[in-house]
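> let me see the structure of the following:
(2 chains, ligands or ions: 1)
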Amino acid sequence: MNFDFSEDQRRLQEEVRRVLKDISTSAEVRTVLDGKASYSAKTWQHLADLGALGISIPEAFGGAGLGHLELCLIAEEAGRALTAVPLLSSIYLAAEAIKLGGSATQKAAWLPQLANGEVIATAVLDPRAQTLAEGRRLTIVGGKLSGTIDAVPDGMAASIAVLYVDQRLVIVDLTSADVMRIPRASLDPSRPLAKLTFDGTAAEELSGGDTAAIARRITEGAAVLLAFEQVGGAERALYAARDYALERHAFGRTIGSFQSVKHKLADMFAAIELARAHAYYGAWAMATDAPELARAASAARVAATDAYTFAAEESLHLHGGIGYTWEMDCHIHLRRARWLGQIIGTTHVWRDALAAALIEEAA
Amino acid sequence: MDFNDTPLEAQFRAEVRAWLKANATERHTREDKFGAGLNEDDYLAAARTWQAKKAKAGYAAIAAPKTMGGLGGTPAMQVVYSQEEAKFLVPDCVFEVSLGTALPTVAMWGTPEQKEKYLARAFMGDHIWCQLFSEPSAGSDIGNVRTRAVRDGDDWVVTGQKVWTSGAHFADYGILLARTDWDSPKAKGLTMFIVDMKAEGVDVRPIHQASDEYHFNEVFLNDVRIPDSERLGHEGNGWKVMLSTLMQERFALGSNFSGDLYAQLIGLAQQAEWNGAPAISNATVRAGIADTYIQQFGVDLIVRRGMSAISRGESPGPEMASVKLIGARAFQTGGALAIELGGAEGLIAAQDLGAEWRLPQLLWISAPGARIAGGTDEIQKNTIAERVLGLPGEIRTDRDLPFRELER
Ligand SMILES: Cc1cc2nc3c(=O)[nH]c(=O)nc-3n(C[C@H](O)[C@H](O)[C@H](O)COP(=O)(O)OP(=O)(O)OC[C@H]3O[C@@H](n4cnc5c(N)ncnc54)[C@H](O)[C@@H]3O)c2cc1C
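You can find the predicted model right below:
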């Protein structure tokens, strides 16, 4: 048994971490947070140059031809650096869907441009198990897409969308005149949302296979990849709190010497280790196409969402008043934890899915 | 035991209701908000006008003694008033520090001249007050205050920096904790002052909060001259004065944590669908609504017990520390549940999603501030453990040394 990543994979991770530390600075993330850009073009370009965007896209289609394990480690670093880029939309969802469900022509048309970052795609493939009344009303009639879908990640930055509608996986051109897009204020403004309305928009079907199974698979894969982002973000929040606990004095000692502070940091650590273990298991299941993916992905999603939410809340709290300022990044973690934890459904529905998978296995 | 108004309270309630009907607009939905669209100056002017109206009718300081410009009523009457006022659209978030903590401190420690000078006018809305205690290196450890007040003739000359001062950007006066003696142990060398926020040398800079609002400030004090007649309590007695303020604050804060988020959650859950079924029928959602009720209404009940203690002439004890602990958590978990109802769509900010989402989202993003302001969770827990449960305090090395010998 070797339940860990290889030396080569770790080296790649180190490299990505090093670059993102320099590029995806707080100031850079804040250009998006403050609404000056819909994503960080600079970070996106560096990820493309590193080959990170196309890491799991076949070489024949402009990628590096490596696997999901590498993509997982890139996701962890993207989360750690609070990157404000459309990785989920363009890579974890859209590129993966085209890779798995597209024809050779469709792959040739889109994957190289997604791999080099020149085209940004968005995608909604999950069933949106949780919705508000106005949420999702999409239909396809005779190859034409109509209706509205809200809270689409990176919906303004993207030029194409991959959608799962009426058992079909389709690609639509978002720049077409019959698509209306409006930006929607996001609780994490560094990860923007949009509302898309289609009015008989031409929708090209992805060619192949069991579309429901593909959509489910991609969504579960995204859950695993987001879990890595969450683990990366949570760890960053934890170590920010640890560093501050060493530096800040109260009552004549560092606050890190108070047992309740130590225990809180240790609780954060344990929650992150739990999430990391499930994320790794999810990575294995995704990389090997294992039948365990459903439960591995659900468990990773729940554990990682809980870990990041807890780490973000308590890291802010540990910073006291200064943690509650806009200038500190504590609130970006809080906002990011919520965004990542809800964008493909909250822990409530994923917990339910996990229980369902376990019950089915037990039967 | 009962929750009924006494005949006197019932009569007072009827009076208050009639007066509010005649002087303010009734609130129709929870989303109605006073002064939507007003800029800050106009909002402040409206708040002052409303405060003046209340003062003329006798409702500015219901529980304060008549000799101090109050109505001489009971705390229960104050609650009756607040309950009725909540049904009307009136300005808020302006006089809370004045009425909740600063003026009670002036009332308790002020000289007759100070009370004469400040109380009535503040009740009338002429003056807004703030509380200048915390500093960059003095928060939980408030005894670590380093702002320096040096005696010069009839004045004190004050230099230092305060931070997180709520409302300082529009306040006229503040109660200020400063160090007057560097040779005494940390808690002993402090003195409380009244500072004119418009005085020369006072520089207020708003701080951008995590919630994207600007309610608190940095306050720089540069050779600010404060006449000795504006000293609040004896020289060296600042610690005691401050503790009395914090007791007031704990109590004043209590009522901020009651609320009916559980009722809002019901309305919002009725809009949401989980796995094709109404979210309102989901067991997790129902448990969340129930828990939010237990916490929020529970806080309300604890505060009422405190009120009952006050009306018996006792003072509410350190058990009030549990209020903030429970209440701020309820904001955090209840607000988060509201946001979770819509899944991805719940991530849309209220300005685009709809007014009914504003308060739950605000509670969620303000909860971290509530867990810090007025003493952090850990400080509240220490209070409960040490003052209520009788557990020993942490071993301290800084308590008895002269302040100037303490390392930074
Ligand atoms: C929204 C808001 C409004 C405010 N308004 C005002 C105001 O109007 N006037 C004013 O004077 N101040 C105000 N404050 C300041 C507030 O009182 C302080 O922020 C608070 O007391 C904490 O102090 P600190 O920020 O220095 O954090 P620190 O004291 O440095 O605390 C940092 C962390 O260490 C922990 N810690 C500290 N001591 C211990 C211990 N003994 N055991 C375990 N853990 C410990 C804390 O719980 C916290 O998590 C406000 C703060 C906020 C957030």
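
> how many other residues sit next to the nearest residue to residue A:175 once chain neighbours are set aside?
Excluding its sequence neighbours, the residue lying closest to residue A:175 (C-beta to C-beta, 6 or more residues apart in numbering or on different chains) is residue A:159, at 5.5 Å. C-beta coordinates here come from the backbone N, C-alpha and C atoms, glycine included. Here the number of neighbours of residue A:159 (other C-beta atoms under 10 Å in any protein chain shown) works out to 14.

> how much space separates residue A:159 from residue A:207?
The gap separating residue A:159 from residue A:207 is 21 Å, by C-beta to C-beta, to the nearest Å.

> mind listing what's buried in the helix or strand residue A:222 falls within?
Secondary-structure element containing residue A:222, defined by DSSP states H and E: helix A:211-247. Using 16 or more other C-beta atoms under 10 Å in any protein chain shown as the burial criterion, the residues of helix A:211-247 that qualify are A:211, A:214-242, A:244-245.

> what is the mean pLDDT for stretch A:263-276?
Averaging pLDDT along stretch A:263-276 yields 98.

> buried set for that stretch?
In stretch A:263-276, counting by 16+ other C-beta under 10 Å, buried: A:264, A:265, A:268, A:269, A:271, A:272, A:274, A:275, A:276.

> residue numbers of chain A in contact with the ligand?
Contacts of chain A with the ligand, taken as C-beta under 6 Å from any ligand atom, map to A:248, A:250, A:251, A:255, A:258, A:260, A:261, A:317, A:318, A:320, A:321, A:324.

> just the buried residues of those residues.
Buried among the residues of chain A next to the ligand (16+ other C-beta under 10 Å): A:248, A:250, A:251, A:255, A:258, A:261, A:317, A:318, A:320, A:321, A:324.

> for burial, what's the neighbour tally of residue A:161?
Quick note: residue A:161 (other C-beta under 10 Å) scores 28 neighbours.

> do you know how far it is from residue B:156?
Taking C-beta to C-beta, one finds residue A:161 at 67 Å from residue B:156.

> do residue B:387 as well
33 Å.

> just want to know which of these two has more residues nearby.
residue B:156 (24 against 14).

> tell me the contacts of residue A:57?
Residues counted as contacts of residue A:57 (C-beta atoms under 8 Å, 6 or more residues apart in numbering or on different chains) are A:63, A:64, A:65, A:95, A:99, A:111, A:114, A:115.

> and the first one, that one's in a helix?
In other words, residue A:63. No. For residue A:63, which was evaluated using DSSP: H, G, I helix; E, B strand; the rest coil, the result is coil, with no helix membership.

> pretty sure it is touching residue A:111, no?
Yes. Here residue A:63 reaches residue A:111: they are 6.8 Å apart, a contact under C-beta atoms under 8 Å.

> give me every residue in the stretch 1-150 of chain B lying close to the ligand.
Counting by C-beta under 6 Å from any ligand atom, the stretch 1-150 of chain B sits next to the ligand at B:131, B:132, B:133, B:134, B:139, B:140.

> tell me where the model's unsure across the chain.
Just going to use chain A. A:133-136 (pLDDT under 70).

> wait, chain B
Looking at chain B by pLDDT under 70, you get B:251-255, B:319, B:407-408.

> domains for it, by residue range?
Here the domain parsing of chain B from automatic domain parsing is B:7-92, B:131-236, B:258-388.

> report the contact partners of the residue of chain A found nearest the ligand.
Per C-beta to the nearest ligand atom, residue A:320 is where chain A lies closest to the ligand, at 2.2 Å. If you count contacts by C-beta under 8 Å, 6+ apart, residue A:320 has them with A:248, B:139, B:140, B:372, B:376.

> so which of the residues you listed sit within strands?
Per DSSP state E, strands hold no members of the contacts of residue A:320.

> out of those, which comes closest to the ligand?
residue B:139 (1.8 Å).

> okay, now that closest one: neighbour count?
By the criterion of other C-beta under 10 Å, residue B:139 has 21 neighbours.

> can you pull out the helices in the chain?
Chain wasn't specified; assuming chain A. In chain A, the helices defined using DSSP state H lie at A:7-23, A:26-33, A:41-49, A:68-80, A:96-101, A:104-115, A:211-247, A:259-287, A:293-318, A:330-342, A:347-362.

> actually chain B
B:7-23, B:40-57, B:75-85, B:96-97, B:103-109, B:112-123, B:238-254, B:261-269, B:283-311, B:321-340, B:350-353, B:358-370, B:377-383.

> for these, which one sits closest to residue A:91?
helix B:321-340 (25.7 Å; C-beta to C-beta).

> that closest one close to chain A?
Yes. Contact of helix B:321-340 with chain A (C-beta under 8 Å from any C-beta of the partner chain) involves B:332, B:336, B:339, B:340.

> quick one: that helix to helix B:283-311, angle?
Counting by axes from the mean of the first three to the mean of the last three C-alpha atoms, to 10 degrees, helix B:321-340 points 150 degrees away from the direction of helix B:283-311.

> what residues does the stretch 251-400 of chain B have near the ligand?
Within the stretch 251-400 of chain B, the positions lying close to the ligand (C-beta under 6 Å from any ligand atom) are B:369, B:372, B:373, B:374, B:375, B:376, B:378, B:382.

> from the residues you listed, pick the one nearest residue B:323.
Using C-beta to C-beta, residue B:374 comes nearest to residue B:323 of those, at 10.4 Å.

> burial count for residue B:380?
Residue B:380: 22 neighbours (other C-beta under 10 Å).

> give the contact list for the nearest residue to it once chain neighbours are set aside.
Once flanking residues are discounted, residue B:380 sits nearest to residue B:321: 4.3 Å by C-beta to C-beta, 6+ apart. When contacts are counted by C-beta under 8 Å, 6+ apart, residue B:321 touches B:250, B:375, B:380, B:381, B:383, B:384, B:387, B:388.

> closest to the ligand out of the residues you listed?
For the contacts of residue B:321, the nearest to the ligand is residue B:375 (5.6 Å; C-beta to the nearest ligand atom).

> and the gap between the closest one and residue A:106?
To residue A:106, residue B:375 is 60 Å away according to C-beta to C-beta.

> which one of the two is surrounded by more residues?
residue B:375 (22 against 18).

> so that one sits right up against residue B:247, yeah?
No. With contact defined as C-beta under 8 Å, residue B:375 does not reach residue B:247; the gap is 11.1 Å.

> circling back: what angle sits between the helix holding residue A:222 and helix A:7-23?
60 degrees.

> which other helices and strands does helix A:211-247 contact?
For helix A:211-247, the packing partners by 3 or more C-beta pairs under 8 Å, 6 or more residues apart in numbering or on different chains; DSSP states H and E come out as helix A:68-80, helix A:96-101, strand A:168-173, strand A:253-254, helix A:259-287, helix A:293-318, helix A:330-342.
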